[in-house]
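>>> My questions concern the predicted model and sequence given below.
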Amino acid sequence: MKPTVLLRIASVVALVQFAAHSLLFVFSSPKHGPEESAVVEAMKAHRFDFIGSMRSYWDFYFGYGLEAAFFCLLEAVLFWQLATIAKTTPLVIRPIVALFFLANIGHAILVLRYFFITPLVPDILIAACLAFAFMTAAA
């Protein structure tokens, strides 16, 4: 399989990851009882000064979730653009593909350690596509 196809697949997976993360994160609400609701409310209520800005733990939690979704979108766009470049000069994309392969493996390790299995799947699929794109771009 050509690196162009592999990068397009990685792009689509990253786009699905962006959509799923965005929709689930923005529209989810506590569903596991009053204890979970109490934790969310405590995260929202406790505000503190962080380098001159009043923030809550909820601000950090929600902001990180949005940031993670945004980076999935950036990956989707970048992989699509790299696929276009790979059509004419495949060797040029290899360092960028290698960097994002390592980033997705690192992210997968963090997801496995701190989250659960389902969000791990897109990272592994993307990393596999990137590994094969790296190898096939050498030819």
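That came through, no problem.

>>> Next up, the contacts around residue 23.
Not one residue lies near residue 23 by C-beta atoms under 8 Å, 6 or more residues apart in numbering. Placement of C-beta: from N, CA and C, glycine included.

>>> in which helix or strand would I find it?
Assigning secondary structure by DSSP states H and E places residue 23 in helix 3-27.

>>> For the next helix or strand after that helix, C-alpha coordinates in PDB please.
On the C-terminal side of helix 3-27, the nearest following helix or strand under DSSP H and E is helix 34-45. The C-alpha coordinates for helix 34-45 follow below in PDB (Å, rounded to 0.1, in the frame of the first residue of the first chain):
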ATOM      1  CA  PRO A  34     -24.700  11.900  43.000                       C
ATOM      2  CA  GLU A  35     -21.100  11.300  43.900                       C
ATOM      3  CA  GLU A  36     -20.000  12.000  40.300                       C
ATOM      4  CA  SER A  37     -22.200  15.100  40.100                       C
ATOM      5  CA  ALA A  38     -20.700  16.300  43.400                       C
ATOM      6  CA  VAL A  39     -17.100  15.900  42.100                       C
ATOM      7  CA  VAL A  40     -18.000  17.900  38.900                       C
ATOM      8  CA  GLU A  41     -19.600  20.600  41.000                       C
ATOM      9  CA  ALA A  42     -16.700  20.800  43.300                       C
ATOM     10  CA  MET A  43     -14.300  21.100  40.300                       C
ATOM     11  CA  LYS A  44     -16.400  24.000  39.000                       C
ATOM     12  CA  ALA A  45     -16.800  25.700  42.400                       C
END
